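Asks: what would the 3D arrangement of this be:
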Amino acid sequence: MKDFFGRLARSTSLLISRIAQLYHPKTLREKGWIWGSGLGTITLIIILYFIGVYWSSVPDRFNVRDNTRNTLAEINLEPVTGSYTTTTLLTVIETLLEKPGGYLSNDIMPPSVFLDNIPNWEFGALTQVRDLARSLRNDMSRSQSQSLENKDLAITEPQFNYSNDSWIFPSTEGEYYQGIDALKRYLSSLSLQGKTNAQFFARADNLRDWLAIMEKRLGSLSQRLSASVGQERINTDLAGDPDAAQSTSTSDHVTVKTSWLEIDDVFYEARGSTWALIHFLHAVEIDFHEILKKKNALVSLRQIIRELEATQEPISSPVVLNGGGFGIFANYSLVMASYISRANAAIIDLRNLLSQG
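Replies: From the prediction side, this is the model:
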């Protein structure tokens, strides 16, 4: 540890000394007009700008079925029930760490430190990863409440819940890769014939429990997006239960508005969340196909996917527009909220279908 800090101090001192030499009047005269006129600094800024633009590009969507088959083929295994959901979860978290620029949420150096859209996108996708990992550990891999949890998933779930912006000691990436390794072990055990210590139970109640979590996530995102223009809402916190109570009293009317500094943050968080969710739902459609078919719920699931896919349409403006509800300028947040709200309503319908006998 002492050697590490010693090397870090020497490197920092050397860097400061080098910068001082570059901008010393004598050096500027020797280098000529390029450095003397500041064009060297401008060139560096331009390079950092284009690197930032490239790193801010959102990863393309992948084919869940093909990705699972290719991943398992590399380790000479065939897909079984649960393989698609597990492999998709694995690919999504790996994509967050290995996309252009890598994982940016914990970077402290330019240009990453000046980027905020892609870190918010990462956080939205990471939230869905955490929810599915928790459901996989607590529900989908267990036959009943008294059954033993899988030891690899017991490692995966807390590792993915480690702080999303830790730069070092330990780094976020290092902790997430430990979770990835454990998830790979579960996937391998799941697909090996004769091994019964790893299971995936495609039951209606397991799927319904995960959808309940998703319903709340999307509901929250929809509310935050809709608040981009500011709204006065009726307080419905205790609606529907005459005996309900809450910790502290609140007004009957609540004014909700997302700060203009956070509008693009919420928008990109929603984009990341729905990006991950699209892949997870495609995987669920395969692994839970028989249950969904029996409940006549395949169409409902596909409608949810279609609504969420609309949230990934290309953005034609360099900034997130925030016009009034019926103003002359578009409001990207309200459009996004519309798609998410419709998907959320379809999720409620799907959960009702799954609860029917």
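
Asks: name the nearest residue to R342, ignoring sequence neighbours.
Replies: E307 (4.8 Å; C-beta to C-beta, 6 or more residues apart in numbering). Using the backbone N, CA and C atoms, a C-beta is placed for each residue, glycine as well.

Asks: average pLDDT for stretch 298-316?
Replies: Stretch 298-316 carries an average pLDDT of 95.

Asks: in it, what counts as buried?
Replies: Across stretch 298-316, burial judged by 16 or more other C-beta atoms under 10 Å covers L298, S300, L301, Q303, I304, I305, E307, L308, E309, T311.

Asks: please apply the same query to stretch 111-124.
Replies: Judged by neighbour count using 16+ other C-beta under 10 Å, the buried positions of stretch 111-124 are P111, S112, L115, D116, N117, I118, P119, N120, W121, E122, F123, G124.

Asks: any chance you could list what contacts it?
Replies: 48-49, 51-52, 55-56, 58, 96, 101, 103-105, 107, 164-165, 264-266, 268-276 (C-beta atoms under 8 Å, 6 or more residues apart in numbering).

Asks: pull out the buried residues from those residues.
Replies: Using 16+ other C-beta under 10 Å, the buried ones in those are 51-52, 55-56, 58, 96, 101, 103-105, 107, 164, 264-266, 268-276.

Asks: among these, which lie within strands?
Replies: Assigned to strands by DSSP state E, none of these qualify.

Asks: grab the most central residue of this protein for me.
Replies: A125 (0.8 Å; C-alpha atoms, centre = their mean).

Asks: wasn't that one part of a helix?
Replies: Yes. A125 forms part of a helix when assessed by DSSP: H, G, I helix; E, B strand; the rest coil.

Asks: in the stretch 201-350 of the chain, where is pLDDT below threshold?
Replies: 230-233, 235-243, 252-256 (pLDDT under 70).

Asks: give me that answer again for 80
Replies: 229-261, 324-328 (pLDDT under 80).

Asks: hmm, which two among the buried residues of stretch 111-124 are most spread apart?
Replies: P111 and G124 (20.9 Å; C-beta to C-beta).

Asks: ends of stretch 259-266, what's the gap?
Replies: 10 Å (C-alpha to C-alpha, to the nearest Å).

Asks: which residues sit against it?
Replies: D116, N117, N120, L221, R224, L225, S228, T258, V319, V320, N322, S333.

Asks: and if we set it to 10 Å?
Replies: 116-117, 119-121, 123-124, 221, 224-225, 227-229, 258, 269, 319-322, 331-333, 336-337 (C-beta atoms under 10 Å, 6 or more residues apart in numbering).

Asks: so which of those are in helices?
Replies: 117, 119-121, 123-124, 221, 224-225, 269, 332-333, 336-337 (DSSP state H).

Asks: show me where this structure has its helices.
Replies: Along the chain, counting by DSSP H, helices occupy 2-22, 25-31, 33-36, 39-55, 64-73, 83-98, 117-135, 153-160, 172-191, 204-226, 263-287, 289-294, 298-309, 332-355.

Asks: which one of those lies nearest to A198?
Replies: Of all these, helix 172-191 comes closest under C-beta to C-beta, at 3.5 Å.

Asks: got the buried residues for stretch 344-357?
Replies: N344, A345, A346, I347, L350, R351, L353, L354.

Asks: return the member of these nearest to N76.
Replies: Nearest to N76 among those, with distances taken as C-beta to C-beta, is L354, at 34.9 Å.

Asks: how much space separates the closest one from G101?
Replies: 40 Å (C-beta to C-beta, to the nearest Å).

Asks: please apply the same query to V80.
Replies: V80 is 35 Å from G101, by C-beta to C-beta.

Asks: okay then, goodbye and thanks.
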